[in-house]
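Peer 1: My questions concern the predicted model and sequence given below.
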Amino acid sequence: MDIGRRNNITGPVLEIIGELDYSNATRLRELLLTLTLRPGQRLFLDLAGLTFCDASGITALIAARGHAHAAQADIALAAVPAHTLRILRLVGLDQIFALDP
């Protein structure tokens, strides 16, 4: 998995490329700890390049949401692949994440 990082006018963007699974979900969680979010910002997780996401990956996405909300910021998942969107819908997480095409 590779994680690209850039800034947007509304906040940081993390581009997740490859597999977000048990072997590397910790890497995303550790990177989140280095992000400084300000109240009102929006953290975008760009998932266009995501090829696989298991339960550990979903847990890392939930951790990202917790990190954003602790900073009084928002979070959005962008370009969620169909296979991941299906999982999010099955477990109801499409109701707690803003989804941006």
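Peer 2: Good, I have the coordinates. Numbers count the residues shown, from 1 in each chain.
Peer 1: Neighbours of the nearest residue to residue 97 once chain neighbours are set aside, how many?
Peer 2: Residue nearest to residue 97 in three dimensions, not counting chain neighbours: residue 77, with 5.1 Å by C-beta to C-beta, 6 or more residues apart in numbering. Where C-beta positions appear, they are placed from N, C-alpha and C, glycine not excepted. Residues lying near residue 77 (other C-beta atoms under 10 Å) number 24.
Peer 1: who does the helix or strand containing residue 77 pair up with?
Peer 2: For residue 77, the host element (DSSP states H and E) is strand 74-78. Counting by DSSP bridges, the strands paired with strand 74-78 are strand 42-53 (parallel), strand 98-100 (parallel).
Peer 1: Which pLDDT value goes with residue 93?
Peer 2: Looking at residue 93, its pLDDT reads 95.
Peer 1: That one is in contact with residue 58, isn't it?
Peer 2: Yes - counting by C-beta atoms under 8 Å, residue 93 does reach residue 58; the two are 7.1 Å apart.
Peer 1: list the residues that contact both of these two?
Peer 2: Here residue 93 and residue 58 have residue 87 as joint contacts, going by C-beta atoms under 8 Å, 6 or more residues apart in numbering.
Peer 1: Name the helix or strand for the nearest residue in space to residue 1 that is not next to it in sequence, please.
Peer 2: Ranked by C-beta to C-beta, 6+ apart and with sequence neighbours excluded, the top spatial neighbour of residue 1 is residue 18, at 4.1 Å. Following DSSP H and E, one finds residue 18 within strand 11-20.
Peer 1: what's the answer for residue 84, then?
Peer 2: Going by DSSP H and E, residue 84 is part of helix 82-90.
Peer 1: Might you quantify the distance of that helix from its chain's geometric centre?
Peer 2: With C-alpha atoms, centre = their mean, to the nearest Å as the basis, helix 82-90 stands 14 Å off its chain's centre.
Peer 1: Flag every buried residue along it.
Peer 2: Residues of helix 82-90 classed as buried: 84, 85, 87, 88 (neighbour count, 16 or more other C-beta atoms under 10 Å).
Peer 1: same thing with stretch 28-42?
Peer 2: 28, 29, 32, 35, 37, 41, 42.
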